[in-house]
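*Asks:* With the sequence up front, the predicted model follows.
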Amino acid sequence: MPSAADNIHEEAVVLNRAVENLCRKLIRFLVGRMSLINLQEIIRYVFVEEIENKLRSENPNKSIQLTQLALFSGLDTRTLTKIRNSPKYRKPFYEESNFLREFTPGASIIDVWSSQVPYIDELTGKPKSLPITGNSPSFESLFTECGKMRGVTYKSLMDRLVESKAVKLDVRRNLVTLIQKSYLPSDSKDKLGAIEMGFSALGNLVDTVTTNISALENGDERLYQRGAWTYRLSPSNRPGLRAALRTLMESTDDEARQIIEIHEDKYAKADQITAGVSFFYFEEPKN
């Protein structure tokens, strides 16, 4: 039987290979869009924050020592002190607890618009058509209430929602109307929306994977996670496979949204969580 040391070594090999594969695909996209220095800075801050979160959850009544952070991070205490004393530390930009809400302002806006007073009609529960600017309720006030978003203005976000066909703009009457209760970037111009939604799905998948690994260790309930793929697809058969699986996922997506609507609360409350499923098709190149 393999020894405990063998198991630890094997786990380290698998983890390193998996992380390298994930990082390689991510970095392939980031090249030319984000510098290595910027990426390193984000990773340092998030890594130290998550170590603190872990230690604090395990021992809520104990203060966190620099030596503990150094042990888990591999950083010296001087660097750790600099990170923790930085004004950037633990700012909303790095918060993971509200990843979907913070990272996808379009989804956040639509959620509030379709669930909270004064943006819904209290008698019908339906979203109101809103003036573009002005006092609440307006699209401008809705944007402000959902929180400041880096590099995003209410006008640019409204344009992206129009492009994704989630809202309809009536310039003559100065009104914007919600026509879709989901934010699905579909227009070729909505590149930013596609990035946000894509990386949100990636983050949610990572959450499911890490939750299920912990569940195997602790005996907890696992979240549903499955995949179906082939290593033997001829390029000539790719269009047919794409079309057939798109039809399947669109049908399943409609059913999933109906199920979610049955279980979700009509109005937003403080104790609610984010939950759902994602559907996506993938291909890996020969190399």
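*Replies:* Cool, the structure landed. Numbers count the residues shown, from 1 in each chain.
*Asks:* Any idea how many residues pack against Ala243?
*Replies:* Using other CB atoms under 10 Å, Ala243 has 10 neighbouring residues. Bear in mind the C-beta positions are built from the backbone N, C-alpha and C, glycine included.
*Asks:* any idea how far Ser234 is from it?
*Replies:* Taking CB to CB, to the nearest Å as the measure, Ala243 falls 15 Å from Ser234.
*Asks:* what do you get for Lys54?
*Replies:* To Ser234, Lys54 is 46 Å away according to CB to CB.
*Asks:* Over to Gln40?
*Replies:* 41 Å.
*Asks:* With neighbour numbers in mind, choose between these two.
*Replies:* Legend: neighbour count by other CB under 10 Å for Gln40 and Ser234, higher for Gln40 (10 against 7).
*Asks:* Okay, and that one sits in which element?
*Replies:* helix 36-58 (DSSP states H and E).
*Asks:* first to last residue in stretch 73-89, what's the distance?
*Replies:* Terminal residues of stretch 73-89 are spaced 16 Å apart (CA to CA, to the nearest Å).
*Asks:* Quick one: residues in contact with the helix or strand where Lys168 lies.
*Replies:* According to DSSP H and E, Lys168 maps onto strand 167-170. Strand 167-170 has contacts (CB atoms under 8 Å, 6 or more residues apart in numbering) with Ser129, Ile132, Met158, Leu161, Val162, Leu175, Val176, Thr177, Leu178, Ile179, Gln180.
*Asks:* Tell me the helix or strand right after that strand.
*Replies:* As assigned by DSSP H and E, the chain's next helix or strand after strand 167-170 is strand 175-178.
*Asks:* packing partners for the helix or strand that that next one is followed by?
*Replies:* Note on strand 175-178: by DSSP H and E, the next helix or strand toward the C-terminus is helix 191-218. Taking 3 or more CB pairs under 8 Å, 6 or more residues apart in numbering; DSSP states H and E as contact, the helices and strands that helix 191-218 lies on are helix 99-103, helix 105-113, helix 154-163.
*Asks:* Would you mark the buried spots in the helix holding Gln40?
*Replies:* Arg44, Tyr45, Phe47, Val48, Glu49, Ile51, Glu52, Leu55 (16 or more other CB atoms under 10 Å).
*Asks:* Tell me where this protein is predicted with low confidence.
*Replies:* In the predicted model, the chain carries pLDDT under 70 at residues 1-4, 6, 91-105, 147-151, 182-193, 287.
*Asks:* can you do 50?
*Replies:* The model of the chain has pLDDT under 50 over residues 93-103.
*Asks:* Next, name the residue at the spatial heart of it.
*Replies:* Ser200 (2.5 Å; CA atoms, centre = their mean).
*Asks:* most neighbours, which of the contacts of strand 167-170?
*Replies:* Leu161 (27 neighbours).
*Asks:* Not counting sequence-adjacent ones, nearest residue to that one?
*Replies:* Nearest residue to Leu161 in three dimensions, chain neighbours excluded: Val167, at 4.4 Å (CB to CB, 6 or more residues apart in numbering).
*Asks:* how close does the one you found get to Leu130?
*Replies:* With distances taken as CB to CB, Val167 is found 9 Å from Leu130.
*Asks:* Mutual contacts of those two, please.
*Replies:* Residues touching both Val167 and Leu130 (CB under 8 Å, 6+ apart) are Val176, Thr177.
*Asks:* Which residue ranges of the stretch 1-150 of the chain form strands?
*Replies:* Secondary structure of the stretch 1-150 of the chain (DSSP state E, counting those that start in this stretch): strands located at 130-131.
*Asks:* And the helices in it, which stretches?
*Replies:* Listed from the start of the chain, the stretch 1-150 of the chain has helices (DSSP state H, counting those that start in this stretch) covering 4-30, 36-58, 66-73, 77-85, 99-103, 105-113, 139-145.
*Asks:* any chance of those in JSON lines, with distance to Thr208 too?
*Replies:* As requested, those are arranged in JSON lines below (distance: least, CB to CB, whole Å):
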{"stretch": "helix 4-30", "distance to Thr208": "14"}
{"stretch": "helix 36-58", "distance to Thr208": "17"}
{"stretch": "helix 66-73", "distance to Thr208": "24"}
{"stretch": "helix 77-85", "distance to Thr208": "29"}
{"stretch": "helix 99-103", "distance to Thr208": "13"}
{"stretch": "helix 105-113", "distance to Thr208": "18"}
{"stretch": "helix 139-145", "distance to Thr208": "30"}
